[in-house]
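**Q** Okay, sequence plus prediction incoming.
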Amino acid sequence: MLRILKRIYHSGLLTENEPDYLQDPEVQALGSELKTVVDAHFNGSLAIRAVDAGSCNACELEIHAINGPHYDIERFGVHFVASPRHADVLLVTGPVSRHMETAVRRTWRAMAAPRFVIACGDCACNGGEFGSSYASCGAVENVIPVDLQIAGCPPSPVQLMRGILALMQKAKKI
């Protein structure tokens, strides 16, 4: 054991340089603006609850990407939570299927006021190719009030950041 500790002590700290992708100027600019708004109007922390209401999971992949090391939205004060009771924003993806209609409404009602809703992706904005049918309610706004729609199939992480920033700027005017 002593031999291992001695070897660690003599080798010193070995790390790699910061990756280049962390220097993406567009992400840094959006992130710093987002951080400023979140710090000023949400005490430095914005909690988002994501709900998949029947999507193909393409939007969820982009949401996971925004949480990953490349975009790392958490460094800007935005984080995703598991409980709607802790959330400020409800992010809904996909057309609302009939079996998820009640769950989306209950999640929205469980959130404390003021609460904001983002419809993420074309399916959540207008029902997509599924529309309204016996199995689908269509757009999220057919079930609960929507504050912001982020179009795209799927929207990129940068579009998601722009959308969250637009919602926060809209919210500070209220």
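**A** Nice, I can see it.
**Q** what's the closest non-adjacent residue to residue 45?
**A** residue 77 (5.6 Å; CB to CB, 6 or more residues apart in numbering). (Glycine included, C-beta is placed from N, CA and C.)
**Q** repeat for residue 24
**A** Using CB to CB, 6+ apart, the closest residue to residue 24 is residue 70 (7.8 Å).
**Q** Local confidence estimate at the closest residue to residue 98 other than its chain neighbours?
**A** Spatial nearest neighbour of residue 98, excluding adjacent residues (CB to CB, 6+ apart): residue 135 at 5.7 Å. At residue 135, the pLDDT value in this model is 83.
**Q** Go ahead and confirm residue 135 touches residue 97.
**A** Yes: counting by CB atoms under 8 Å, residue 135 touches residue 97, with 6.2 Å between them.
**Q** what about the two, which has more around it?
**A** residue 97 (19 against 11; other CB atoms under 10 Å).
**Q** OK, contacts around that one?
**A** 53-54, 135-137 (CB atoms under 8 Å, 6 or more residues apart in numbering).
**Q** taking these as a set, which two sit the farthest apart in space?
**A** Pairwise distances across those peak at 12.3 Å for 53 and 135 (criterion: CB to CB).
**Q** number of nearby residues for residue 31?
**A** Other residues within reach of residue 31, judged by other CB under 10 Å, total 20.
**Q** With residue 109 instead?
**A** 10.
**Q** If I look at it, what pLDDT would I see?
**A** 94.
**Q** Would you report the backbone torsion angles of residue 81?
**A** With angles defined as degrees, to the nearest 10, residue 81 sits at phi -120, psi 160.
**Q** List the residues that contact the closest residue to it other than its chain neighbours.
**A** Excluding the flanking residues, the one nearest residue 81 by CB to CB, 6+ apart is residue 47, at 4.6 Å. Listed by CB under 8 Å, 6+ apart, the contact set of residue 47 reads 79-81, 86-89.
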